[in-house]
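> quick one: sequence and predicted model below, then my questions.
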Amino acid sequence: MIQAEDFLEQARAHGYGLYTGVPCSYLKPFINAVLDAPDLRYVSAANEGDAVAIATGFQLGGRRAVAMFQNSGLGNAVSPLTSLNAVFELPVLLIVTLRGEPGGPKDEPQHGLMGPITTAMLELMRIPWAWFPTETAEIGPALDRAEAEMAKGRPYALVMRKDSVAPHKLESRPEPRPLASDAIAPASPAAERPSRREVLAAVQAAVRPSDVVLATTGFTGRALYALSDLPNQLYMVGSMGCASSLGLGLALARPDKRVIVLDGDGALLMRMGALTTLGYERPANLLHLVLDNEVHDSTGGQGTVSHSVDFAAIAQASGYPMVRRAATAEEVGAAMRAWDSGLGFLHVKTKPGEAKDLPRPTVTPPQVARRLVEWLGPIPTK
């Protein structure tokens, strides 16, 4: 058994400054120690997949992060681990607890299957792993091994057994953050909804040269690429619903850059809990723009339920300080130019449908990620 502070101290030396995840009783002393550390940041994720995406965004920004959660939530993280981290070759350090360990302490029935298959699942996803250190002398070598594996562009997991970390009583408490959004003005009447390309063209015209643009999976990223392929743009594939969490991690890592997240209604509905995390963290340099055409366009136009959902009201209730609705591409551009800082949410209804000759990016996902890292450049020193 180790002291949580001993692990955190050596992790600091390796550059880890952000921890994000979903609690587990095995992780309790570890999370408590992170929360009590004045120089570390803990982001409470709504689910395990969001935690992976947040940590990955932080890594994309040039800083190191840890995503940690119970093995029962490993399934929730499969999508980003296999279609974000693996595809873009983005490493992240995972701490996964082993509830229901075969031959281990008696546990709840819901861990009966996941316990025996946890390490096999990691191996199936081609994620190398090792046991979380239980002796102080093991911490440094464990982090060195993780660093060597992640240098190959893939996640690495430390699997934590029960009683690996000594108890740590939580001294700090989260500070409630009251809602701070002003009234949401209705969108101006429009003769018809703008097309996706019209809105994206307005976005590209309004972004500053120093802004980062993250486009959600599906037609949004492909249409953005078709308009103009730029090094400050990342086109997500897979990991549906993770764009805003990836953007959150990047915004926290790089406060010197404004981050524009282009989301879709289907993707947002899939991981809508991420709104609450963004609304609480409130990065001052992130604008969340939702293009809502009420369908899953890239899979055949099947309808979503967004026609019966008020995304702007949900964002406001989740804590976004600035929430706006737009009815035209021109209003989108105007709202983006008016936005300077403060977490913002912008919603626009768009037409469904896309051109049949919509190209796919010729740059590969790893190339897109590497050139974005190069474009971001080094983190400014204070």
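It's in.
> how does this structure divide into domains?
Using automatic domain parsing, the domain parsing of the chain gives 4-160, 196-376.
> quick one: end-to-end length of the shortest one, please.
Domain 4-160 has an end-to-end distance of 12 Å (criterion: CA to CA, to the nearest Å).
> now do that domain: distance to the chain's middle.
15 Å (CA atoms, centre = their mean, to the nearest Å).
> residue 225 is in contact with residue 365, isn't it?
No: between residue 225 and residue 365 there is no contact under CB atoms under 8 Å: 11.9 Å. From N, CA and C alone the C-beta is placed, and that goes for glycine too.
> so what sits against both of these two?
residue 235 (CB atoms under 8 Å, 6 or more residues apart in numbering).
> give me the number of residues near residue 339?
18 (other CB atoms under 10 Å).
> same deal with residue 226?
Neighbours of residue 226 using other CB under 10 Å come to 18.
> how about it: what's its closest non-neighbour residue?
residue 359 (5.4 Å; CB to CB, 6 or more residues apart in numbering).
> model confidence for the residue lying closest to residue 190 once chain neighbours are set aside, exactly?
Leaving aside its chain neighbours, residue 190 sits nearest to residue 327 (4.0 Å; criterion: CB to CB, 6+ apart). We have a pLDDT of 94 for residue 327.
> residue 226 too?
95.
> quick one, what contacts it?
197, 358, 359.
> try 10 Å
197, 200, 219, 354, 355, 357, 358, 359, 360, 361 (CB atoms under 10 Å, 6 or more residues apart in numbering).
> with residue 195 instead?
Residue 195 neighbours (CB under 10 Å, 6+ apart): 201, 223, 291, 293, 329, 350, 351, 352, 353, 354, 355.
> would JSON lines of the domains of the chain with distance to residue 176 be doable?
Output for the domains of the chain, formatted as JSON lines (distance: least, CB to CB, whole Å):
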{"stretch": "domain 4-160", "distance to residue 176": "13"}
{"stretch": "domain 196-376", "distance to residue 176": "9"}
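> among those domains, which is nearest residue 171?
domain 4-160 (5.2 Å; CB to CB).
> need the three-state assignment for residue 32.
Look at residue 32: counting by DSSP: H, G, I helix; E, B strand; the rest coil, its state is helix.
> okay, now it: neighbour count?
20.
> what about the closest residue to it other than its chain neighbours, how many neighbours?
Distances taken as CB to CB, 6+ apart put residue 170 closest to residue 32, at 4.1 Å, once the chain neighbours are dropped. Number of residues near residue 170 (other CB under 10 Å) recorded here: 12.
> how about the one 4 residues further on?
The burial metric for residue 174, expressed as a neighbour count using other CB under 10 Å, is 9.
> now do the same contact list for residue 347.
184, 187, 263, 265, 268, 288-292, 306, 310-315, 323-326, 332.
> and stretch 212-230, what's buried?
Residues of stretch 212-230 classed as buried under the neighbour-count rule (16 or more other CB atoms under 10 Å) are 212-226.
> which one of the domains of the chain lies closest to residue 177?
Of the domains of the chain, nearest to residue 177 by CB to CB is domain 196-376, at 6.0 Å.
> end to end, how far does that closest one reach?
OK, domain 196-376 end separation, CA to CA: 27 Å.
> that concludes my questions; thank you for your assistance.
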